[in-house]
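Asker: Give me a 3D structure for the following:
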Amino acid sequence: MAVLQNSFSEDIPYGYAGMEADGELSNIITRTLEGDTACAFGRPVYRGTADKGVTLTVSAALMGFAIARKGLPVTSGRAADTFAPGDNVPIKERGKIWVTSAATTTDGAQVYVTSAGAVTSSSGGNTAATGWFFEDTLASAPGLVRIVRR
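Answerer: Here you go, the predicted model:
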């Protein structure tokens, strides 16, 4: 049998991309991932062309952020911590979630998304994730940070 993990950190991680940050009031929906590209946990997802579909196309209407789902198998078609095309993706439309930010952040700042789908605090040439704000200050990027929409 292959060894999946052979080293361990001394510190317990405080969160991971796509993890629901707490039990704060939230709204979660499920949509089917369209296209040929896998979706990482915690990534922003957008309205797809099919009924109840989502896409990774930043120019479409933001639906929310992909919630991590435990128990998804790692296969040749699915890397760890991702949804494969055709998977049902749980999406946090409102509430608090952990994401990976590509830039430093400050508490209360507007969340933006780059054309490649990365979360950032920089407005220059990026698309606002309307209603979403950073919940933490991140001094060194990239790194994990909580974002919230209330």
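Asker: alpha carbons only for contacts and neighbour counts from here, please
Answerer: Noted.
Asker: Return the list of helices and strands in contact with the longest strand along the chain.
Answerer: Taking DSSP state E as the assignment, the strand of the chain that covers the most residues is strand 88-101. If you count contacts as 3 or more Cα pairs under 8 Å, 6 or more residues apart in numbering; DSSP states H and E, strand 88-101 packs onto strand 27-33, strand 62-66, strand 119-120, strand 143-149.
Asker: All the strands of this protein, residue numbers only.
Answerer: Using DSSP E, strands in the chain cover 27-33, 39-40, 44-47, 53-55, 62-66, 82-83, 88-101, 110-113, 119-120, 127-134, 143-149.
Asker: quick one on the thing from earlier: got TSV for the helices and strands packed on strand 88-101, with mean pLDDT too?
Answerer: Conversion of the helices and strands packed on strand 88-101 to TSV gives the following (pLDDT from 0 to 100):
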stretch	mean pLDDT
strand 27-33	98
strand 62-66	98
strand 119-120	96
strand 143-149	97
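Asker: Save those as CSV, and put in mean neighbour count and distance to W98 too.
Answerer: Supplementary listing: the helices and strands packed on strand 88-101 in CSV, determined by neighbours: other Cα atoms under 10 Å; distance: least, Cα to Cα, whole Å:
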stretch, mean neighbour count, distance to W98
strand 27-33, 18, 15
strand 62-66, 25, 9
strand 119-120, 25, 11
strand 143-149, 22, 4
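Asker: Quick one: closest of these to L56.
Answerer: Comparing those against L56 with Cα to Cα, the closest turns out to be strand 27-33 (8.4 Å).
Asker: residues touching the residue nearest in space to the middle of the chain, list them.
Answerer: When Cα atoms, centre = their mean is applied to the chain, the residue found nearest the centroid is G42 (1.5 Å). For G42, the contacting residues are A17, G18, M19, F65, A66, I67, A68, I97, W98, V99, T100, taking Cα atoms under 8 Å, 6 or more residues apart in numbering as the criterion.
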